[in-house]
Every structure is written in C-alpha cells, then in structure tokens.
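Sequence first, predicted coordinates after that:
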Amino acid sequence: MEPQEKFVEDFGLFFEAQNLNRTAGRIFGWLLICTPAEQTLDDLTDALQMAKSTVSTSARFLDEVGMVERVSKPGIRKDFYRIRPGFWEQALKGAMSQFAGFKQFAERGMDLVADDAAPEQVRVLKEMHSVYSFFSREFPALLEQWEREHREALNDES
C-alpha cells in the first residue's frame, strides 16, 4: 500500500474509532493531502476507489457538519470539495461550548441526586463537574495562545 493510501485508510479507521463514518474519514484524509486541494465528486470517487453514491453521502455529511465545504469554479459546472478554512478553530470552539454544557448538566445532576444516593453516583457527578469546570476555565486561554501563535506564523510566511 502506498503511503498516501495508508494515510487515507488510517484516517478512515481513526474516524471509525471515534464512532464516525469510515468513508467520511477517508474523504477527509484525502482532502488533507491531495493535489489540487479542491476535488470533485468524480475525483474523490477515483482516488478512493469507491462508489459515487457512497462518496456523495459521506461528502454531504462532512459538508453538513462543517468539516468540508463545497465550492464552485467559474466555467465549471461541477462542485468541488475542500477542507473548510478555519475548521480546526471552529471545532475547538465547539468543544468549548460542549464543556460548558456538560458542566451545567453535572451541576443539575448534583442538585437532583437524593441525599441517600450511592456514593459512586455522587462521585461520578463531582468528577464530571470537576473535569468540565477545569476545561471550561483553562481551554479559552489555550485557544487564545494558539490564535496568537497562528497569526504570528501567518505573518512570518508573508
């Protein structure tokens, strides 16, 4: 297996391990390394050696969840898929909102647990609250630091 093929297959397996669609992972993996960076559905089908309907369904899923985007090019009637610019930052910001949501559920759960609840049940809720409180508090600073470093790196490139 060629290194590119292995990368794509491994990315698909990684997606699958995250309870996501393996084909979507293969498409995303391919879009990370392919040239040109924008690929038509036919390009994806040929590169991945998969049925067009399967690729279309998974590409549409990736578009709907914001990982890729469909773009058009003047004079070409086909859509092109590419990794959505800013996807990584948006994914991390989405994780931050999940942290806050889980923290709130932990608080609500602790309010609802009866005084005679099993100690393990209380411990699980306290641990949930602790971990999501920590990440809610610390993660924004990490993202801000990354944004600064990313801007500096972009400025150094130009």
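That came through, no problem.

can you count the residues close to residue 30?
Neighbours of residue 30 under the rule other CB atoms under 10 Å: 22. In short, each C-beta sits where N, CA and C put it, glycine included.

Tell me the helices and strands packed up against the longest strand seen in the chain.
When the chain is scanned for its longest strand (criterion: DSSP state E), the result is strand 76-83. Judged by 3 or more CB pairs under 8 Å, 6 or more residues apart in numbering; DSSP states H and E, the packing partners of strand 76-83 are helix 22-33, strand 39-40, helix 41-48, helix 52-64, strand 68-73.

export the ones you listed to CSV and tack on distance to residue 155 and mean pLDDT?
Listed next are the helices and strands packed on strand 76-83 as CSV, based on distance: least, CB to CB, whole Å; pLDDT from 0 to 100:
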stretch, distance to residue 155, mean pLDDT
helix 22-33, 24, 98
strand 39-40, 30, 98
helix 41-48, 33, 97
helix 52-64, 30, 97
strand 68-73, 25, 96
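
for the closest residue to residue 31 other than its chain neighbours, what are its contacts?
Excluding its sequence neighbours, the residue lying closest to residue 31 (CB to CB, 6 or more residues apart in numbering) is residue 83, at 5.2 Å. Shown in contact with residue 83 (CB atoms under 8 Å, 6 or more residues apart in numbering): 28, 31, 32, 37, 67, 68.
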